[in-house]
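S.K.: coords below, sequence missing:
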RNA sequence: GCCUCCGUAGCUCAGUGGAUGAGAGCGAAGGACUUCUAAUCCUUAGGCCGUAGGUUCGAGUCCUACCGGGGGCGCCA
């Protein structure tokens, strides 16, 4: 289906070119043509303010330019009329016939409605969640998960071949601590008098795993190294994380093990390349350190530094610690090097706000390696603040780090208390840059106060009509779309915006746009549903057939939108 | 102190440099079910878009400064 704003912009471009070659407009470089949906019906469907922008370079009045443009506008089947308004806007009105034809077009595209061609033949990758496998998935990570998965769905809709990847941080210090923590729990299960220290993971889930281990191995592991426990708990975590994510309809195609970068030597190759390119030096302190900082520093041995100050960083960053173990930055750079080498056209990286500095360092790493980082796009999503409204005072009480008390803090809990759809919707419906306040009380509401069900209910209502029609043996055979009225056209106008929404969401890496579109679309639908009845005695048969066909198209649109959000499409509430 | 994100209705949030009516949901006040299920619809009230300057035909949107809040500034990940 057509992307109407883009098509309209093309018309204007053609008109300007024609006007120039006819000598009606002076020569100038034609800018990108802005086309905006209008806010008021009296301004038509789309508005083009380009004449105002051209006033200077053409040395003419905006309205005069607009006059000339519309004189040269080529004919298009989707435009019924256009006119000049205000200080020089060109307003376009969509053709009713065209809109009516879209009903069939929508139905025939079905589940692929508005699949675009901008990504055809291109590979995209979305890396998201990538939480350390050291505990359950937390609500903050879930936000990244929902954003990432929805982004992947939108990229697919844009035509890309998409891979969803999870960077599994199964190397490094934290995993060792996790293994050690499990060992302590294991020994405790065997009755030994040992305690966790403050650095250890305190979560109860380790007690359960320890019990399992005792059952399986008895006391055979008493003298085993932490690695043995790490391997065991890692497998458990892997399964747990996948299960938690699957509950909200998120499945990764690939789990990339950080471990593998050490095993295949990529980490050291990366370091060697950075060294060869002259970005690494060995020193106790970084080059630009002040005497004051040096006196505070405890470092006494040589480490390897990545000279990020060459890229404008405030200080250099350690790549390899004095003990010979890399910081996590080096494998992270190696990972992205690997990613780029895998040949993706687009790589989206969904990260929490706490990784703001880290991704800069990685980007500099790509530059230092001489790799092209232009395909990499980072979505930095801000934190989620969880609150719960006190029913007595109405005050919002902040919930902080109460994993141990365990209410709503993990993804598993959230899903249990609400629903997968509610979790997905509520974490998607914010711009990634917004610091959201997540009111648990609002999300768990299963009633009409919860906007989650507003969109789904539109789909349900369509299904209800078809159910009833089927019972009565009524079909849309031979439906005549010319019988549709203004109300139905209003909905179709909104429906054909979907393509532009997908395009905008993909281009700006803002998947929340689809959630707001869904709300808008349902907001147009419901009043129409109330007015435009199908199976009523006073509705003539031929009109009823046309309307039934119309609701078929509406169902297709809602199905598509809900699928893009990773939500279910219920047929009954 | 530096970097970064955010200040829009009572609350939670949208808002491509465009039209002298800045939107949605929730909350508040009032109304509509003998109907294809009302998880719906229709009214009403509610705003110096943090503050002050600047850029231009035009600013909630871009720039600067300030104020307020989140996050980051480890030889942790």
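M.R.: Sure thing, it's come through. Everything numeric in this text was worked out from a predicted model, so none of it was measured.
S.K.: so which bits of the stretch 201-350 of chain A are right by RNA strand B?
M.R.: A:258, A:284-285, A:299, A:301-303, A:314-315, A:318, A:321-323, A:325, A:327-328 (C-beta under 7 Å from any atom of the strand). All C-beta spots, glycine's among them, are computed from the backbone N, C-alpha and C.
S.K.: from residue A:111, how far out is residue A:420?
M.R.: 20 Å (C-beta to C-beta, to the nearest Å).
S.K.: sorry, back to before: filter the residues of the stretch 201-350 of chain A next to RNA strand B to the buried ones?
M.R.: Among those, those classed as buried by 16 or more other C-beta atoms under 10 Å are A:258, A:303, A:318, A:327, A:328.
S.K.: reformat those into a markdown table and put secondary structure and pLDDT next to each item.
M.R.: Below are these laid out as a markdown table (DSSP: H, G, I helix; E, B strand; the rest coil; pLDDT from 0 to 100):
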| residue | secondary structure | pLDDT |
| --- | --- | --- |
| A:258 | helix | 94 |
| A:303 | strand | 94 |
| A:318 | strand | 94 |
| A:327 | coil | 92 |
| A:328 | coil | 90 |
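S.K.: and of those, the nearest to residue A:521?
M.R.: If you rank these by distance to residue A:521 using C-beta to C-beta, residue A:258 comes first, at 41.6 Å.
S.K.: show me what contacts the residue of the stretch 151-300 of chain A found nearest RNA strand B?
M.R.: The stretch 151-300 of chain A approaches RNA strand B most closely through residue A:299 (3.1 Å), counting by C-beta to the nearest atom of the strand. Applying C-beta atoms under 8 Å, 6 or more residues apart in numbering, we find residue A:299 in contact with A:284, A:285, A:322.
S.K.: and the last one, which of the three is it?
M.R.: On the three-state scheme (DSSP: H, G, I helix; E, B strand; the rest coil), residue A:322 is labelled coil.
S.K.: was I right about it contacting residue A:298?
M.R.: No - the pair residue A:322 / residue A:298 is not scored as a contact, 10.6 Å apart, by C-beta atoms under 8 Å.
S.K.: give the residues shared as contacts by these two.
M.R.: With C-beta under 8 Å, 6+ apart, residue A:322 and residue A:298 have no common neighbours.
S.K.: residue A:420 and residue A:111 - which one has more neighbours?
M.R.: Looking at residue A:420 and residue A:111 with other C-beta atoms under 10 Å, you find the greater number of neighbours at residue A:420, namely 18 against 9.
S.K.: tell me the contacts of that one?
M.R.: A:247, A:248, A:249, A:567, A:568.
S.K.: include neighbour count and secondary structure when you put those into CSV, please.
M.R.: Listed next are the contacts of residue A:420 as CSV, based on neighbours: other C-beta atoms under 10 Å; DSSP: H, G, I helix; E, B strand; the rest coil:
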residue, neighbour count, secondary structure
A:247, 17, helix
A:248, 23, coil
A:249, 18, coil
A:567, 26, coil
A:568, 15, coil
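S.K.: skip the chain neighbours and tell me the closest residue to residue A:364.
M.R.: The shortest distance from residue A:364 to any non-neighbouring residue, by C-beta to C-beta, 6 or more residues apart in numbering, is to residue A:311 (4.4 Å).
S.K.: revised request: answer the last question for residue A:346.
M.R.: residue A:124 (4.1 Å).
S.K.: now the one you found, which residues is it bridged with?
M.R.: Applying DSSP bridges to residue A:124 yields these beta-bridge partners: residue A:162, residue A:346.
S.K.: wait, what's in contact with it?
M.R.: Counting by C-beta under 8 Å, 6+ apart, residue A:124 makes contact with A:152, A:155, A:160, A:161, A:162, A:163, A:344, A:345, A:346, A:347, A:348.
S.K.: now the buried members of those residues.
M.R.: A:152, A:155, A:160, A:162, A:163, A:344, A:346, A:347, A:348.
S.K.: pLDDT weak spots in chain A?
M.R.: Filtered on pLDDT under 70, chain A yields the residue ranges A:390-395, A:400-408, A:446-449.
S.K.: hey, where'd the strands end up in the stretch 1-150 of chain A?
M.R.: A:36-37, A:46-48, A:79-85, A:89-94, A:123-127 (DSSP state E, counting those that start in this stretch).
S.K.: the residue nearest to residue A:127 when sequence neighbours are not counted: neighbour count?
M.R.: What sits nearest to residue A:127 in space, not counting adjacent residues and going by C-beta to C-beta, 6+ apart, is residue A:165, at 4.7 Å. Neighbourhood size, residue A:165 [other C-beta under 10 Å]: 25.
S.K.: look at residue A:165 and give its secondary structure.
M.R.: strand.
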